[in-house]
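> structure for the following, please:
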Amino acid sequence: MPANPELKQKVQGLLRENQVLVFMKGTPEMPRCGFSMRLVGVLDQLGVEYGAVDVLPLLDPLREVTGEIADWRTFPQLYANGDLVGGCDIVEEMFESGELAQIREVEQPEDVGAAASPEPADPHQSPPLRIEE
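As a prediction, the model looks like this:
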């Protein structure tokens, strides 16, 4: 079944408008799954500015859209410059190797250990973005 074209356009617009965008369960301040919490922890350690979309209100329709856009249907998902970087495990591996810092052209933190514990209300994270069908 094809994805909702209007929802797909909204997602593509968000990808264009945000250099770094996370589709996650919950919000950065209140993740609703451990994988989302870990991914946000990595971004917070890097100190990059990012947008976040809570996928839970439209979980299945967003799975269809991201499946068509990037052939990836599980969440969380990290996009940089409109391209899928990956899910939690891939992002953590890239963080540990320093590859993620290179992609974002930021300095790699010296201590890459505590990626799973984001600071609350990080000033680098923009307010959660909402997508309505």
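
> and residue 47, what pLDDT?
Note for residue 47: predicted pLDDT of 89.

> tally of neighbours for it?
Neighbour count of residue 47, defined by other C-beta atoms under 10 Å: 14. (Each C-beta comes from the backbone N, C-alpha and C, glycine too.)

> residue 59 now?
Residues near residue 59, counting by other C-beta under 10 Å, number 11.

> next up, phi/psi of it, please.
Here is the backbone geometry of residue 59 (degrees, to the nearest 10): phi -50, psi -60.

> going forward, begin numbering at 85 instead of 1
Taking 85 as the first residue, the last one we looked at is residue 143.

> give me the pLDDT for it.
At residue 143 the predicted local confidence, pLDDT, stands at 94.

> now it: how far from residue 124?
Separation of residue 143 from residue 124 (C-beta to C-beta, to the nearest Å): 18 Å.

> flag every buried residue along stretch 107-118.
By 16 or more other C-beta atoms under 10 Å, the buried positions in stretch 107-118 come out as 107, 108, 109, 110, 111, 112, 115.

> in a markdown table: those, plus secondary structure, distance to residue 187 and pLDDT.
A markdown table is the format used below for those (DSSP: H, G, I helix; E, B strand; the rest coil; distance: C-beta to C-beta, whole Å; pLDDT from 0 to 100):
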| residue | secondary structure | distance to residue 187 | pLDDT |
| --- | --- | --- | --- |
| 107 | strand | 18 | 97 |
| 108 | strand | 19 | 97 |
| 109 | coil | 23 | 97 |
| 110 | strand | 24 | 97 |
| 111 | coil | 24 | 96 |
| 112 | coil | 19 | 96 |
| 115 | strand | 22 | 96 |
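
> name the nearest of these relative to residue 173.
residue 108 (14.4 Å; C-beta to C-beta).

> residues contacting the closest one?
Shown in contact with residue 108 (C-beta atoms under 8 Å, 6 or more residues apart in numbering): 115, 117, 120, 123, 124, 136, 137, 138, 139, 159, 160, 161.

> just the element for the nearest residue to the first one once chain neighbours are set aside, please.
Read that as residue 115. The shortest distance from residue 115 to any residue other than its chain neighbours is 3.9 Å, reached at residue 121 (C-beta to C-beta, 6 or more residues apart in numbering). For residue 121, the element it lies in under DSSP states H and E is helix 118-130.
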